[in-house]
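Student: Provided below for reference: sequence and predicted model.
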Amino acid sequence: MLQLPELPYPKNALEPHLSARTLEFHHDKHHAAYVNKGNELLQGSGLENENIESIIKKSYGDSSKAALFNNVAQVWNHSFFWHCMKPGGGGKPTGAVADRINASFGSFDKFVEEFKAAGVGQFGSGWAWLVQNGDKLEVMKTPNAENPLHHNKKPLLTADVWEHAYYLDFQNRRPDFLSVFVEKLINWEFVAKNLG
Ligand code: MN3
């Protein structure tokens with residue numbers, strides 16, 4: 001059974017950057033709908049007893065399980081995404097994360113440039129990611145529900161760039177949403193925990 005997790009902070013905690021209304025729709029409607037639809041599609045799929053990561057990997061690329069993949073991957077992506085933000089977040093990381101970013105991208109500014117370009121450049125719906133690939137950190141973008149797990153890369157951070165993630169607060173200004181995400185919202189402690 002897929003579960004809808006509680007948000008790790010109150011719905012108004014990311015204001016004024018992301019409104020309570022955005023989190024209400026995004027978590028209570030969009031994320032909940034993926035959970036409900038995913039559970040419906042899991043019945044009789046043969047993957048009912050697998051954990052969520054395994055369902056994602058086993059349904060990816062199987063055209064008979066495309067809808068299942070889309071919903072279950074979106075459940076995982078959103079559960080991960082909520083932890084990528086925190087009140088009073090954003091700005092430059094410190095410690096091991098800062099070191100790894102500098103080693104992989106040359107500088108924090110270069111990472112930010114690549115991360116925003118990935119989010120802005122994702123045509124239509126999708127996600128921008130910071131991932132770990134062996135010793136190296138990389139930025140990638142994925143369309144729709146896809147995520148780095150089935151590319152065997154370890155997700156460290158993600159920004160949801162589906163319009164529902166930002167439209168109420170930013171309308172069509174996805175670049176502004178990504179700037180605010182980087183400057184005011186990123187939970188670098190969560191990124192540090194994900195770093196292997
Ligand atoms: Mn979303």
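Tutor: Looks like it arrived, so ask away. Numbers count the residues shown, from 1 in each chain.
Student: Grab the nearest non-local neighbour of Phe181.
Tutor: Nearest non-adjacent residue to Phe181, counting by Cβ to Cβ, 6 or more residues apart in numbering: Ala159, 5.1 Å away. Backbone N, C-alpha and C define where each C-beta goes, glycine included.
Student: What are the contacting residues of the helix or strand harbouring that neighbour?
Tutor: If you go by DSSP states H and E, Ala159 is part of strand 154-160. Identification of contacts with strand 154-160 by Cβ atoms under 8 Å, 6 or more residues apart in numbering yields 26, 77-78, 80-81, 84, 115, 119, 127-133, 137, 147-149, 165, 178, 181, 186, 190-191, 194-196.
Student: Of those residues, which count as buried by neighbour count?
Tutor: 26, 77-78, 80-81, 84, 115, 119, 127-132, 137, 147-149, 165, 178, 181, 186, 190-191, 194 (16 or more other Cβ atoms under 10 Å).
Student: Filter the residues you listed down to just the ones in strands.
Tutor: Under the assignment DSSP state E, these contribute Trp127, Ala128, Trp129, Leu130, Val131, Gln132, Leu137 to strands.
Student: could you dump these to TSV with pLDDT?
Tutor: Shown next, in TSV, are those (pLDDT from 0 to 100):
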residue	pLDDT
Trp127	98
Ala128	98
Trp129	98
Leu130	98
Val131	98
Gln132	97
Leu137	98
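Student: tilt between the strand holding Ala159 and strand 126-133?
Tutor: 160 degrees (axes from the mean of the first three to the mean of the last three Cα atoms, to 10 degrees).
Student: Summarise which helices and strands the helix or strand following strand 154-160 is packed against.
Tutor: Where DSSP H and E defines the elements, the next helix or strand beyond strand 154-160 is helix 167-170. Applying 3 or more Cβ pairs under 8 Å, 6 or more residues apart in numbering; DSSP states H and E, one finds that helix 167-170 makes contact with helix 20-23, helix 174-180.
Student: so, in contact with the ion or not, the helix or strand encompassing Lys141?
Tutor: Per DSSP H and E: Lys141 is located in strand 136-143. No. Judged by Cβ under 5 Å from the ion, strand 136-143 makes no contact with the ion; its nearest approach is 12.7 Å.
Student: What residues of that strand count as buried?
Tutor: Applying 16+ other Cβ under 10 Å to strand 136-143 flags Leu137, Glu138, Val139, Met140, Lys141, Thr142 as buried.
Student: Against the ion, how distant is the first one?
Tutor: Leu137 sits 23 Å away from the ion, going by Cβ to the ion, to the nearest Å.
Student: Please identify the buried residues of stretch 153-171?
Tutor: Going by 16+ other Cβ under 10 Å, stretch 153-171 has these buried residues: 153-162, 165-166, 168-170.
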